[in-house]
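Enquirer: Fold the stuff below for me.
(one chain, ligands or ions: 4)
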Amino acid sequence: MSVLSLNVDFHSHSTVSDGVLSPTELAARAKKNGVDVWALTDHDEIGGIAEARAAATALELKFIPGVEISITWARKTIHIVGLNIDENNSKLLEGLAKTRAGREQRARDMSADLAARAGLNNVYEGALTYVSNPNLISRSHFARYLVEIGACRSVSEVFKKYLAEGKPGYVPHRWATLQEAVTWILAAGGVAIVAHPGRYDLSPVAYDSFFREFKALGGTAIETVTGSHTVDQYEEYTKIANSYGFLVSRGSDFHSPADAEVDIGKLPAMPKNSKPVWTSWFDA
Ligand code: AMP
Ligand code: MN
Ligand code: MN
Ligand code: MN
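Expert: Numbering: from 1, shown residues only. Ligands and ions are numbered 1, 2, ... in the order given. Predicted structure coming up:
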C-alpha cells in the first residue's frame, strides 16, 4: 500500500476531553471504519493515551499518541496538534496542566455571561453533566447542554448564537503561546502540526507571519484533509504546505456520532501532491 493511500486518522477526541466516546469505544469505531493508523488528540490532555494504546493494540490497530494544544496567537485561539509524543515527558505534562488550569473559572464566567446576556441560567451545572474529566470542561459540553434544554437545535447552531467571539457566553481566554506549545511537543519527541488552518480568521499577512513563526520555532506540518475543511481547502492548504516546506497531516476531528461533520476514518483521499508527515513512520 502506498503511503498516500493509508487510511490515516490523526485527529480525534475522547471523553478525556470533549468527545463522547471513551478511548476504547473510539478505537473500536476507528477499526470498524477501516482506519489503518489512528491518533488520539484530546484537547490539552494526554490522560486517554494509555487506554487508547491498549485498546488499539488489542484490535491490531496502529496507534500514534497525540494531543491538541490550545494556544493564543495575535489574540486568536489556534490549535496545535502534537503527534508521536512521549506522553510521560514532564515538560509536556507540566505545560498541559498549566494550559488546562484556567478552564474551570472560564466555564463559570461563561455561565454567568449566558445568564446575564441571554437569560440562560445554571448552564455551568448543566454542562457539568456532560463532563467526564473534571479538568477539562469545554465549550462543547456547554453546547450539548444548550441543545438538551432546547435553546438550540444542534451543536453547530449553538456556536452561531452563543459561545463564539462576540456572542453571549464567550469569555476571552489566554491559552499557551505558540512557542510554548511547539517547545513542549518537541521536548516530548513529537512533531508539531497546525490543526485545521482554514478555520482561523486571520488576514493573509497574519497567516504568513503565523506560518513563518511556526516554522522558525520547529513546526513540521499543517493539516490539509480534515473534517473542518472544505474540499477546496484540501487543495489550497496542500499548496500552502508545499510553498512553506511543511509536511501535511490528516484527521477527521471526530467528537461524536451525533454531530460529526466527518466520521472517524471516513475522510477522502489525500491530494496527489501531498507530502505526508507519516511518510517515514511505517513500512507501508
Ligand atoms: P474550548 O476548547 O472549550 O474553547 O472548546 C473548543 C471546542 O468547541 C472545539 O474543539 C470544538 O469541539 C467545539 N467547537 C468550536 N466551534 C465549533 C462549531 N462551530 N461547531 C461545532 N463545534 C465547535
Ligand atoms: Mn473539541
Ligand atoms: Mn481544534
Ligand atoms: Mn480537535
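
Enquirer: CA atoms for contacts and neighbours, from now on please.
Expert: Will do.

Enquirer: for residue 222, helix, strand, or coil?
Expert: Three-state assignment for residue 222 (DSSP: H, G, I helix; E, B strand; the rest coil): strand.

Enquirer: Specify the beta-bridge partners of it.
Expert: Beta-bridge partners recorded for residue 222 (DSSP bridges): residue 194, residue 248.

Enquirer: Quickly note the distance from it to ligand 1.
Expert: The spacing between residue 222 and ligand 1, counted by CA to the nearest ligand atom, to the nearest Å, is 17 Å.

Enquirer: So that residue sits against residue 198, correct?
Expert: No - using CA atoms under 8 Å, residue 222 makes no contact with residue 198, being 10.1 Å away.

Enquirer: shared neighbours, these two?
Expert: Applying CA atoms under 8 Å, 6 or more residues apart in numbering, one finds that residue 222 and residue 198 are jointly contacted by residue 237.

Enquirer: quick one, which of the two is more surrounded?
Expert: residue 222 (26 against 19; other CA atoms under 10 Å).

Enquirer: What is the neighbour count of residue 158?
Expert: Using other CA under 10 Å: residue 158 sits among 21 other residues.

Enquirer: Does it lie in a helix or a strand, and which?
Expert: Counting by DSSP states H and E, the element that carries residue 158 is helix 155-161.

Enquirer: Could you list the residues in contact with that helix?
Expert: 140, 143, 144, 146, 147, 151, 152, 167, 168, 259.

Enquirer: count of neighbours near whichever residue of the stretch 151-284 of the chain sits closest to ligand 1?
Expert: Nearest residue of the stretch 151-284 of the chain to ligand 1 (CA to the nearest ligand atom) works out as residue 156 at 4.2 Å. Residue neighbour count, defined by other CA under 10 Å, stands at 16 for residue 156.

Enquirer: Please apply the same query to residue 261.
Expert: Counted with other CA under 10 Å, residue 261 comes out at 17.

Enquirer: Could I get the pLDDT score of the spatially closest residue to it that is not a sequence neighbour?
Expert: Closest residue in space to residue 261, ignoring its immediate chain neighbours: residue 227 at 5.9 Å, by CA to CA, 6 or more residues apart in numbering. Listed pLDDT for residue 227 reads 96.

Enquirer: A helix includes residue 67, no?
Expert: No - looking at residue 67 with three-state DSSP, it is strand, so not inside a helix.

Enquirer: What residues does residue 107 make contact with?
Expert: Contacts for residue 107 were tallied using CA under 8 Å, 6+ apart; they are 124, 137, 138, 139.
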